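# Any chance you can model this:
(chains A, B, C and D)
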There are 2 protein chains.
Amino acid sequence: MRFVSTIQARLDGKGRVSIPASFRAVLEADGYPGLFMHPALDLPALEAGGNRLLAEIDGLIGRYPPYSEARDLIATALLGASEHLKVDPEGRIALPERFKAHAGITNAVVFVGLGDRFRLFSPDGFAAQEAEAKAKLRALKASLTGGTGAGTS
Amino acid sequence: MRFVSTIQARLDGKGRVSIPASFRAVLEADGYPGLFMHPALDLPALEAGGNRLLAEIDGLIGRYPPYSEARDLIATALLGASEHLKVDPEGRIALPERFKAHAGITNAVVFVGLGDRFRLFSPDGFAAQEAEAKAKLRALKASLTGGTGAGTS
DNA sequence: TGGGCTAACATGGGAACACATGGGCGTCAA
DNA sequence: TTGACGCCCATGTGTTCCCATGTTAGCCCA
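Reported below is the predicted structural model:
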């Protein structure tokens, strides 16, 4: 079960968004009660997931010895900046102000599946990100295939 | 269950602070009656937690041979300087003067979750710490991924 | 193949609840 | 006696739950 596809949703008057049903199904299978979310470090986006995402973060933190500076930093940046969001019976979440500000989200959200996690963008932020990603991917592919990039997509 | 997210709270006229409900839930699950707290070793902050934090401190102390100077120092700094704080029926604690002085706390506290423990800062102290952590983390990440940013965000 | 039906999903709003906060009072110890 | 501390109750605010509605997509049947 992976998070897959891109879906747009609106925020209602109370600031709630429905998590796409397909994403909810993955979370349920994952067994995490609710949704774990944190701001992306170098993107105007939010990253969210369940136990699998959390396990990855734990692994990252666990690589450093207790009381080391690196561990403190990572724990602060990843765990301190994150939130455990509750999902209401209808499958919605309320985004904290802090998160909305980071991603530039006002009244609409784009959910983007990334396998073990998914991202939340503002529609504008997503358009920008998509354009940039395409450009980078083209460059990467060119470097892989050795030139024209005229291969199978 | 881990301590996660960053929450600000005010001290009332009696010098009490509400422990955020999400943190209280973790402490309860941990089974520790009350709250274990000590000044952070190299930060103007306080560290708090329950049994998991105590276990980690024990582990840290245990790494040094009995009667060694290092062991004495660490045990004194962590255990000697620590307090067991009682939590009132509303989930509040009263911070000892000594602790407030160490962290520069006057009338507001920022709680920062770090997984197995959480920290208490003054709002100003937190802002400074956050800025520093972000900068250092970026440097650390660059050294890890080799600069492309092609890693976990 | 087309129309209608049904179920799942996204959305909206009202009411109950939990939480953070504030203050009063009794109790214990210096 | 006095101060500090712990317990109790009160209150405002934000959040969560519950129920209602519109919309979409899939399905069945003619």
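
# hey, which helix is longest across chain A?
Criterion DSSP state H: the longest helix present in chain A is helix A:123-145.

# for that one, what is the average pLDDT?
The pLDDT scores in helix A:123-145 average 91.

# is that helix anywhere near DNA strand C?
No - with Cβ under 7 Å from any atom of the strand as the measure, helix A:123-145 is seen stopping short of DNA strand C, the closest distance being 12.4 Å. Every residue, glycine included, has its C-beta placed from N, CA and C.

# now for that helix, which elements pack on it?
Judged by 3 or more Cβ pairs under 8 Å, 6 or more residues apart in numbering or on different chains; DSSP states H and E, helix A:123-145 is in contact with strand A:108-113.

# Downstream of the strand it packs on, the next helix or strand is which one?
Using DSSP states H and E, the helix or strand that follows strand A:108-113 towards the C-terminus is strand A:118-121.

# ok, that next one: who's next to it in the sheet?
strand A:46-49 (antiparallel), strand A:108-113 (antiparallel) (DSSP bridges).

# Dump those strands into a markdown table; add distance to residue B:20 and mean neighbour count as well.
Formatted as a markdown table, these follow (distance: least, Cβ to Cβ, whole Å; neighbours: other Cβ atoms under 10 Å in any protein chain shown):
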| stretch | distance to residue B:20 | mean neighbour count |
| --- | --- | --- |
| strand A:46-49 | 21 | 24 |
| strand A:108-113 | 26 | 20 |
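
# Out of these, the one nearest DNA strand C is which?
Closest to DNA strand C of these, according to Cβ to the nearest atom of the strand: strand A:108-113, at 8.2 Å.

# can you give me the strands for chain A?
Along chain A, the stretches classed as strands by DSSP state E are A:6-10, A:16-18, A:35-39, A:46-49, A:83-85, A:92-94, A:108-113, A:118-121.

# Need the ones you listed in JSON lines (columns: distance to DNA strand C).
Below are those laid out as JSON lines (distance: least, Cβ to the nearest atom of the strand, whole Å):
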{"stretch": "strand A:6-10", "distance to DNA strand C": "4"}
{"stretch": "strand A:16-18", "distance to DNA strand C": "4"}
{"stretch": "strand A:35-39", "distance to DNA strand C": "14"}
{"stretch": "strand A:46-49", "distance to DNA strand C": "15"}
{"stretch": "strand A:83-85", "distance to DNA strand C": "13"}
{"stretch": "strand A:92-94", "distance to DNA strand C": "6"}
{"stretch": "strand A:108-113", "distance to DNA strand C": "8"}
{"stretch": "strand A:118-121", "distance to DNA strand C": "13"}
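
# got the ones you listed as a markdown table, with distance to residue B:120 columns?
Formatted as a markdown table, the strands of chain A follow (distance: least, Cβ to Cβ, whole Å):
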| stretch | distance to residue B:120 |
| --- | --- |
| strand A:6-10 | 37 |
| strand A:16-18 | 31 |
| strand A:35-39 | 21 |
| strand A:46-49 | 26 |
| strand A:83-85 | 18 |
| strand A:92-94 | 26 |
| strand A:108-113 | 33 |
| strand A:118-121 | 30 |
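
# Indicate which one of the ones you listed is closest to residue B:17.
Taking Cβ to Cβ, strand A:83-85 is the member of the strands of chain A nearest to residue B:17, at 20.0 Å.

# hmm, who's touching the closest one?
A:34-38, A:48, A:93-96, A:99, B:4-5, B:22 (Cβ atoms under 8 Å, 6 or more residues apart in numbering or on different chains).

# what sits against residue A:69?
Going by Cβ under 8 Å, 6+ apart, residue A:69 touches residue B:136.

# Please read the previous query as pertaining to residue A:71.
Neighbour list for residue A:71: A:61, A:64, A:65 [criterion: Cβ under 8 Å, 6+ apart].

# could I get these as TSV with distance to residue A:127 and neighbour count?
Formatted as TSV, these follow (distance: Cβ to Cβ, whole Å; neighbours: other Cβ atoms under 10 Å in any protein chain shown):
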residue	distance to residue A:127	neighbour count
A:61	33	20
A:64	37	16
A:65	42	10
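
# mind checking pLDDT for the residue of chain A found nearest DNA strand C?
Of all residues in chain A, residue A:12 sits closest to DNA strand C, with a separation of 2.9 Å (Cβ to the nearest atom of the strand). On pLDDT, residue A:12 comes in at 91.
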